[in-house]
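**Q** fold the following, please.
(one chain, ligands or ions: 3)
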Amino acid sequence: MSTYLSLSDDPIAAVATPFGEGAIGVIRTSGDGCIELCSALFSRPDQLRAAEGHTVLHGYLQDPASGQRYDEVLATVFRAPRSYTGQESLEFSCHGSPAGLQAIMGLLLQHGFRSAEPGEFTLRAFLNGKLDLTRAEAVQELVTAKTRTAHSLALARLSGGIFQRIDAVKQRLVQAMAAVSIQLDYPEDEIGEVPLPRSDIDFARQELRGLQSTYRSGRLYQEGVRIALAGRTNAGKSSLFNLLVREDRSIVSDQHGTTRDYIETMVSIEGIPVRLFDTAGLRDTDESVEFEGIRRSGMIIESAALVLYLIDAVEGLQPEDLSRLEQIRDSGVPCIQVWNKLDTADADLPDKLPSDAVAISARTGAGLDALHHAVLASVGQGEGISDGAVVIDSQRQHDLLLRALQGLDQVASDVDAGEPMDILALDLQEVLGALGEITGEVTSADVLDAMFSGFCVGK
Ligand SMILES: Nc1nc2c(c(=O)[nH]1)N(C=O)[C@@H](CNc1ccc(C(=O)N[C@@H](CCC(=O)O)C(=O)O)cc1)CN2
Ligand SMILES: Nc1nc2c(ncn2[C@@H]2O[C@H](COP(=O)(O)OP(=O)(O)OP(=O)(O)O)[C@@H](O)[C@H]2O)c(=O)[nH]1
Ligand SMILES: [Mg+2]
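**A** Ligands and ions are numbered 1, 2, ... in the order given. Below you'll find the predicted structure:
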């Protein structure tokens with residue numbers, strides 16, 4: 001769909017709640033004439049036509065020709081421009097059965113609506129000036145946040161955290177630009193010495209570098225990481241897996257080779273969404289099913305961002321552990337040695353461990369905090385994230401910040417080299433252009449296409 005750059009106001013409709021049985025299912029509509037179109041399908045058409053914005057009416061959805069009832073609903077009315085999209089909008093809160101919602105969608109599509117494209121409601125909100133692009137991106141990030149921390153970071157972005165930081169920088173640079181322009185327009189002897197905008201440039205660099213440096217943690221909290229539990233049979237991988245997911249998910253037994261195939265689940269470790277894998281214990285085997293399980297363990301280990309390598313502390317490091325650890329090191333995947341069964345090991349064990357190893361008991365939970373910290377340090381978020389922090393997680397924003405920073409470097413060296421003002425003005429303009437693209441003041445249809453087509457339908 002490449003119609004994105006121009007705002008369309010034809011009436012659209014979409015189911016906004018997930019597919020599946022639910023107490024309530026919401027159908028969203030927006031666009032010119034949508035309230036009139038919906039009124040024709042409502043049991044109290046005149047009241048709906050007359051309803052004020054931000055009010056709710058109870059009634060029935062029905063086929064205007066046959067009078068056949070579709071559902072008992074609540075209709076929420078939004079009058080332009082006071083709505084999410086900025087256009088007149090109306091929502092039906094229906095009973096949440098997929099079949100019922102599909103039938104109502106069918107009714108709407110027969111009576112003047114078309115199905116909304118993914119992200120089309122938010123696109124309209126953007127084109128109507130209700131959201132800048134950083135907020136529009138945050139809408140989708142909020143929908144897909146996997147942990148509480150990820151959610152609150154996205155909410156800070158939706159509340160304008162990034163926009164405000166970028167805007168403050170932009171204001172300063174616009175002032176600098178004005179200073180440069182004055183010197184371009186008037187000969188020096190008429191206005192005297194005008195200070196060069198070096199302090200504005202330094203402020204901008206510092207701010208943008210600060211934002212840019214949050215990208216790594218932003219990605220981490222939004223995308224999450226893959227962590228694999230590995231080690232010889234019976235080291236306690238499945239026990240630790242169950243402890244971390246706080247559920248009896250993986251079979252634990254004292255038989256070697258209990259876990260035959262890998263198991264995966266999502267957990268939050270200190271707010272980071274983690275896809276955690278329990279794998280089949282590593283040992284030499286002639287048995288074909290176990291062999292396949294161990295091959296898969298290798299695959300999971302190689303594709304992980306971090307391996308927690310469990311060692312049975314009672315048995316100590318065995319030659320096989322050494323060769324497996326070396327293999328993991330060679331594959332370039334970061335690895336933490338986790339010495340398990342601390343509860344039954346020698347009391348002085350912790351003193352004998354390498355400094356980067358962690359000692360735990362998957363049975364008692366001892367050492368779990370230290371393990372969490374080691375994981376955080378390894379995936380690159382040593383100090384955690386503070387409440388209300390503004391972090392970016394969009395590749396698009398990251399690339400544009402880089403462009404702006406490169407432009408600023410150029411401007412700074414122009415100033416140092418005493419370049420003429422017209423060169424300075426051109427280079428400043430490049431920086432302002434990049435900042436304008438971040439917030440969406442300047443944008444191309446391709447960028448919007450790529451961004452909004454990744455949204456859910458109904459968003
Ligand atoms: N039922 C429902 N719940 C929802 C949404 C929705 O669209 N529908 N939202 C969708 O994502 C979020 C809420 N976002 C919204 C943002 C602005 C307006 C709105 O009416 N804005 C007007 C009035 C503002 C005011 O008076 O406070 C405006 O901006 O002019 C509505 C929802 C989450 N929950
Ligand atoms: N004392 C003690 N026993 C543990 C601890 N963790 C695990 N075990 C025991 O060690 C045995 C093996 O545990 P599992 O969690 O099944 O080990 P695994 O690494 O998943 O083994 P495989 O699936 O065979 O590779 C079980 O009998 C557990 O109860 C621990 O911290 N302390
Ligand atoms: Mg196991």
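
**Q** how many residues are close by the closest residue to ligand 3 within the stretch 251-400 of the chain?
**A** As assessed by C-beta to the ion, ligand 3 sits closest to Thr259 within the stretch 251-400 of the chain, at 3.0 Å. For every residue, glycine as well, the C-beta is placed using N, CA and C. The number of residues packed near Thr259 is 22, by other C-beta atoms under 10 Å.

**Q** any idea which element the closest residue to it other than its chain neighbours lies in?
**A** Excluding the flanking residues, the one nearest Thr259 by C-beta to C-beta, 6 or more residues apart in numbering is Ala280, at 5.0 Å. Assigned by DSSP states H and E, Ala280 falls within no helix or strand.

**Q** what's around Ala280, how many residues?
**A** As a burial measure, Ala280 scores 28 neighbours (other C-beta under 10 Å).

**Q** state the pLDDT value of Gln410.
**A** On pLDDT, Gln410 comes in at 95.

**Q** correction: Gly418
**A** Looking at Gly418, the pLDDT reads 86.

**Q** the bottom helix or strand of this structure by mean pLDDT?
**A** helix 188-191 (a mean of 60; mean pLDDT, DSSP states H and E).

**Q** only C-alpha atoms, please: export the helix or strand following it in PDB.
**A** From helix 188-191 onward toward the C-terminus, using DSSP H and E, the following helix or strand is helix 198-212. The C-alpha trace of helix 198-212 is given here as PDB (Å, rounded to 0.1, in the frame of the first residue of the first chain):
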ATOM      1  CA  ARG A 198      29.600  26.300  19.500                       C
ATOM      2  CA  SER A 199      27.700  25.900  22.800                       C
ATOM      3  CA  ASP A 200      24.500  24.900  21.000                       C
ATOM      4  CA  ILE A 201      26.400  22.300  19.000                       C
ATOM      5  CA  ASP A 202      28.000  20.900  22.100                       C
ATOM      6  CA  PHE A 203      24.600  20.700  23.800                       C
ATOM      7  CA  ALA A 204      23.100  19.000  20.800                       C
ATOM      8  CA  ARG A 205      26.000  16.500  20.600                       C
ATOM      9  CA  GLN A 206      25.700  15.600  24.200                       C
ATOM     10  CA  GLU A 207      22.000  15.100  24.200                       C
ATOM     11  CA  LEU A 208      21.900  13.100  21.000                       C
ATOM     12  CA  ARG A 209      24.800  10.900  22.100                       C
ATOM     13  CA  GLY A 210      23.000  10.300  25.300                       C
ATOM     14  CA  LEU A 211      19.900   9.100  23.500                       C
ATOM     15  CA  GLN A 212      21.800   7.100  21.000                       C
END
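
**Q** next helix or strand past helix 198-212?
**A** helix 215-223.

**Q** give me the buried positions along that next one.
**A** 215, 217-222 (16 or more other C-beta atoms under 10 Å).

**Q** can you redo those residues as a markdown table with distance to Met421 and pLDDT?
**A** Formatted as a markdown table, the buried residues of helix 215-223 follow (distance: C-beta to C-beta, whole Å; pLDDT from 0 to 100):
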| residue | distance to Met421 | pLDDT |
| --- | --- | --- |
| Tyr215 | 34 | 93 |
| Ser217 | 39 | 87 |
| Gly218 | 37 | 91 |
| Arg219 | 40 | 91 |
| Leu220 | 43 | 92 |
| Tyr221 | 43 | 92 |
| Gln222 | 42 | 91 |
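
**Q** can I see the domain layout of the protein?
**A** Domain ranges of the chain: 2-132, 142-214+392-440, 225-378, per automatic domain parsing.

**Q** quick one: secondary structure of the residue of the chain found nearest ligand 1?
**A** Residue nearest to ligand 1 within the chain: Arg82 (3.8 Å; C-beta to the nearest ligand atom). When classified by DSSP: H, G, I helix; E, B strand; the rest coil, Arg82 comes out as coil.

**Q** quick one, strands of the stretch 151-300 of the chain?
**A** 225-231, 263-269, 272-278 (DSSP state E, counting those that start in this stretch).

**Q** list the buried residues in the second one.
**A** Residues of strand 263-269 classed as buried by neighbour count (16+ other C-beta under 10 Å): 263, 267, 269.

**Q** next: the last one.
**A** Along strand 272-278, the positions that meet the burial threshold by neighbour count (16+ other C-beta under 10 Å) are 272-278.

**Q** sheet-wise, list the partners of it with their directions.
**A** strand 225-231 (parallel), strand 263-269 (antiparallel) (DSSP bridges).

**Q** the first one - what's its average pLDDT?
**A** For strand 225-231, mean pLDDT rounds to 97.

**Q** now the end-to-end length of stretch 244-258.
**A** Start-to-end span of stretch 244-258 (C-alpha to C-alpha, to the nearest Å) is 19 Å.

**Q** got a list of contacts for that stretch?
**A** Around stretch 244-258, the neighbours that count as contacts under C-beta atoms under 8 Å, 6 or more residues apart in numbering are 233-234, 238-239, 241-242, 259, 263, 265, 267, 269, 276, 278, 280-281, 283, 285, 290.

**Q** coming back round to it: can I get the strands of the stretch 151-300 of the chain in JSON lines including distance to ligand 2?
**A** Listed next are the strands of the stretch 151-300 of the chain as JSON lines, based on distance: least, C-beta to the nearest ligand atom, whole Å:
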{"stretch": "strand 225-231", "distance to ligand 2": "6"}
{"stretch": "strand 263-269", "distance to ligand 2": "10"}
{"stretch": "strand 272-278", "distance to ligand 2": "7"}
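
**Q** now tabulate these in TSV and tack on distance to ligand 3.
**A** Formatted as TSV, the strands of the stretch 151-300 of the chain follow (distance: least, C-beta to the ion, whole Å):
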stretch	distance to ligand 3
strand 225-231	8
strand 263-269	9
strand 272-278	6
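
**Q** quick one: which of those strands is nearest Phe78?
**A** strand 272-278 (33.4 Å; C-beta to C-beta).

**Q** who's in contact with the longest helix belonging to the chain?
**A** As assigned by DSSP state H, the longest helix anywhere in the chain is helix 161-185. If you take C-beta under 8 Å, 6+ apart as the criterion, helix 161-185 is touched by 132, 134-135, 138, 191, 194-197, 200-201, 203-204, 207-208, 211, 388, 390, 392, 397, 421-422, 424-425, 428-429, 431-432, 435-436, 438-439.

**Q** helices along the stretch 251-400 of the chain, start to end?
**A** Counting by DSSP state H, counting those that start in this stretch, one finds helices in the stretch 251-400 of the chain at the ranges 288-302, 319-331, 349-352, 368-379, 395-417.

**Q** for the fourth one, give the mean pLDDT please.
**A** Okay, so that is helix 368-379. In this model, helix 368-379 carries a mean pLDDT of 93.

**Q** residues of it that come out buried?
**A** Quick answer for helix 368-379 (16+ other C-beta under 10 Å): 368, 371, 374-376, 378-379.

**Q** do the last one as well
**A** Going by neighbour count (16+ other C-beta under 10 Å), the buried part of helix 395-417 is 396-398, 400-401, 403-405, 407-408, 410-412, 414-415.

**Q** which bits of this protein sit near ligand 2?
**A** With C-beta under 6 Å from any ligand atom as the criterion, the chain meets ligand 2 at residues 231, 233-239, 252-254, 256-259, 281, 340-341, 343-344, 361-363.
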